[in-house]
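Engineer: model the structure of this input:
(one chain, ligands or ions: 1)
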Amino acid sequence: MANSDTQRSRSLLLTALAIPLLALTSCAFAPLIPSSGDLEAYLNEIPIPGRGSYAFVPPTDAELEIWRRAVAALLEGNLSLAATRASRLDYDLLLFRDAGTAQTYFVLAERRDAGGQPLKGRGTYVYNPQGRRALHLQVPHPLYDLNTRGQGIFLFLRLRAAALAIAGTHRNANETEYSPCDGTFSDGNPYRISDVAHFDKTFFEVFHEELLRADPKLVAISIHGFSSSFPYTAIVSNGTPQDLGNSSLANRLADALDARLALHGLQAGSCNEAGFPDTLCGTTNVQGRFANGSPDICRENAPGAAIPERFLQVEQQPPLRQPSGSVSWETVLDALAEVFPQQP
Ligand SMILES: [Zn+2]
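Structural biologist: Presented below is the predicted three-dimensional model:
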């Protein structure tokens, strides 16, 4: 009893000392926030506002520049600078010790309002400096591409990938605010500004650009879902319709998926194989266009695929997006693990 009272008064004293100290320093420096727990559960539980919520607030050019510098500082290991810059945009930089993988990750987490909702719907970003595969998993269409958030987190953790980005809202959160970028949504209207795969002024795009610049070997994997009568359970693309040979990463991933799907009477194809019907090839995806060197990612197709490829889009019918089953997230995990061997 006496002991715990002593501890309490000591911690009260420390708190009392810390308040004026914080008040003095909070303008200049934001702290790195130590966190621990189950990273997979934490990431899956972040609220994502839905269609018509208008929860995405597009960043200004000045905010995009601060974000770019925050991400660059993080990738350079300048953590206090990264945290301070992120803080100016209402983001916390968490140092997250994950119980499941016994690894420590950096999470750029948007702060939330009193109701627990993210302030501006700008997404969640994870970086693993000890990653064993130079892969950047991307979930641009959570909620809409059903189960892809859980799948992207699952793949990121189990592949021991370098980075993960999850969009902050449903792609049509801002339902009547159209993106100026190329492409048409299935309702016949332009894509929305809340669709991070089809609008270039987003934290999602800048995170992607800084990662690809920082590591010339990094490959972005953009995880999607579709459902149609198209007779392929998975369609892989490097973001262009260019036909390439067997050594193409897009074709190798499609082959790795196809070998596994064939056991169940299903098949996978690649937009970059000769003769494949060029549908769902991601040619207007701004992350793909950046990776492939488009001079204007919003309005111009890439001139051709970057070689070696830096971007792979994986379009999946519902069975592959199931957490478990004869065909599931594990199928995609196995295929990616085969094409991208773990570094020692
Ligand atoms: Zn999608």
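Engineer: what about the strands in the stretch 151-300 of the chain?
Structural biologist: In the stretch 151-300 of the chain, the segments counted as strands under DSSP state E, counting those that start in this stretch are 161-166, 219-225, 234-237, 268-270.
Engineer: just name the most buried of those.
Structural biologist: Highest mean neighbour count of these: strand 234-237, a mean of 30 (counted as mean count of other Cβ atoms under 10 Å). From N, CA and C alone the C-beta is placed, and that goes for glycine too.
Engineer: got the residues of the stretch 51-200 of the chain near the ion?
Structural biologist: Counting by Cβ under 5 Å from the ion, the residues of the stretch 51-200 of the chain close to the ion are 141, 145.
Engineer: ranges for the helices of the stretch 51-200 of the chain?
Structural biologist: Assigned by DSSP state H, counting those that start in this stretch, the helices in the stretch 51-200 of the chain fall at 61-75, 79-87, 148-159.
Engineer: now those as CSV including mean neighbour count and mean pLDDT?
Structural biologist: Below are those laid out as CSV (neighbours: other Cβ atoms under 10 Å; pLDDT from 0 to 100):
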stretch, mean neighbour count, mean pLDDT
helix 61-75, 19, 98
helix 79-87, 20, 97
helix 148-159, 22, 98
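Engineer: now those as TSV including distance to Pro341?
Structural biologist: Output for the helices of the stretch 51-200 of the chain, formatted as TSV (distance: least, Cβ to Cβ, whole Å):
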stretch	distance to Pro341
helix 61-75	23
helix 79-87	30
helix 148-159	11
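Engineer: for Arg122, find the nearest of those.
Structural biologist: helix 61-75 (8.4 Å; Cβ to Cβ).
Engineer: show me what the closest one is packed up against.
Structural biologist: In terms of contacts (3 or more Cβ pairs under 8 Å, 6 or more residues apart in numbering; DSSP states H and E), helix 61-75 is packed against helix 79-87, strand 103-110, strand 124-127, helix 203-214.
Engineer: check contacts around Trp329.
Structural biologist: Counting by Cβ atoms under 8 Å, 6 or more residues apart in numbering, Trp329 makes contact with 150-151, 154-155, 320-323.
Engineer: what would the strands of the stretch 151-300 of the chain look like in TSV with mean pLDDT?
Structural biologist: Formatted as TSV, the strands of the stretch 151-300 of the chain follow (pLDDT from 0 to 100):
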stretch	mean pLDDT
strand 161-166	98
strand 219-225	98
strand 234-237	98
strand 268-270	97
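Engineer: hmm, back to that, in the contacts of Trp329, find the pair that's most separated.
Structural biologist: Leu155 and Gln322 (13.8 Å).
Engineer: can you tell me how far Ala161 is from Ile307?
Structural biologist: 22 Å (Cβ to Cβ, to the nearest Å).
Engineer: for the stretch 201-344 of the chain, which residue gets nearest to the ion?
Structural biologist: Ranked by Cβ to the ion, the top residue of the stretch 201-344 of the chain for proximity to the ion is His224, at 3.4 Å.
Engineer: over to the stretch 1-150 of the chain?
Structural biologist: Closest point on the stretch 1-150 of the chain to the ion, by Cβ to the ion, is His141, at 3.6 Å.
Engineer: just checking, that residue touches Phe204?
Structural biologist: No - with contact defined as Cβ atoms under 8 Å, His141 does not count as touching Phe204 (11.0 Å).
Engineer: for the protein, name the helix or strand with the lowest mean pLDDT.
Structural biologist: helix 2-25 (a mean of 42; mean pLDDT, DSSP states H and E).
Engineer: which is the succeeding secondary structure element to that one?
Structural biologist: Using DSSP states H and E, the helix or strand that directly follows helix 2-25 along the chain is strand 33-37.
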